[in-house]
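*Asks:* Pasting the sequence and the predicted model now:
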Amino acid sequence: MFESSFLEMLVIGVVALLVIEPERLPAVARTVGVWVGKVRRFVAKTRADIDRELHTEELRSMLFKQEEELRNLRDMMEGKAESIRKEFKELEKHDKPE
C-alpha cells in the first residue's frame, strides 16, 4: 500500500503517546490493528474478485473465438458438401441412359 520508514513510525508513535494517554495507548493500538487487518482483508478480497472477473472475461473471449472458428468450419464443410452434391448430380446425369 504505502511505505514508511522506521523514523516515520517512531515519530507517529511519539505523537500518539503524547496525544493519547499512555494508559489508553494499548487499547487504541489494538483497535488500529483490528482496522488495519480488516482493510487488508478487504483489499485482498477485492483484488481476488477483480482477478477472478478478469479471468472470466478471458475465458469468455476464448469461448467466443472457439465458437467463431466452429462457425467457419461448419460453413466450409457445408460448402464442400454442396459442391460434392453438385458433382454427384452431374455424374448421375452422365450415367443415365438416354
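*Replies:* Happy to help now that I have it. Numbering: from 1, shown residues only.

*Asks:* Only C-alpha atoms from now on, for both contacts and neighbour counts.
*Replies:* OK.

*Asks:* Next, work out how far apart A44 and I50 are.
*Replies:* According to Cα to Cα, to the nearest Å, A44 stands 10 Å off from I50.

*Asks:* Find residues that contact each of the two.
*Replies:* Taking Cα atoms under 8 Å, 6 or more residues apart in numbering as the criterion, A44 and I50 do not both touch any residue.

*Asks:* Checking E3 next. Helix, strand or coil?
*Replies:* Using DSSP: H, G, I helix; E, B strand; the rest coil, the secondary structure recorded for E3 is coil.

*Asks:* That one - how many residues pack around it?
*Replies:* Residues near E3, counting by other Cα atoms under 10 Å, number 5.

*Asks:* in this structure, which ranges drop under the pLDDT threshold?
*Replies:* Residue ranges of the chain with pLDDT under 70: 1-2, 96-98.

*Asks:* Spatially central residue in it, please.
*Replies:* When the chain is reduced to its mean C-alpha position, the nearest residue by Cα atoms, centre = their mean turns out to be L54, at 1.8 Å.

*Asks:* who touches that residue in this structure?
*Replies:* L54 touches nothing, counting by Cα under 8 Å, 6+ apart.

*Asks:* For it, I want the exact helix or strand it lies within.
*Replies:* Here L54, judged by DSSP states H and E, is contained in helix 25-95.

*Asks:* Check the offset of that helix from the chain's centre.
*Replies:* 10 Å (Cα atoms, centre = their mean, to the nearest Å).

*Asks:* Go ahead and confirm L25 touches L17.
*Replies:* Yes: counting by Cα atoms under 8 Å, L25 sits close enough to L17 to count as a contact (6.8 Å).

*Asks:* Compute the number of surrounding residues for L25.
*Replies:* Using other Cα under 10 Å, L25 is surrounded by 16 other residues.
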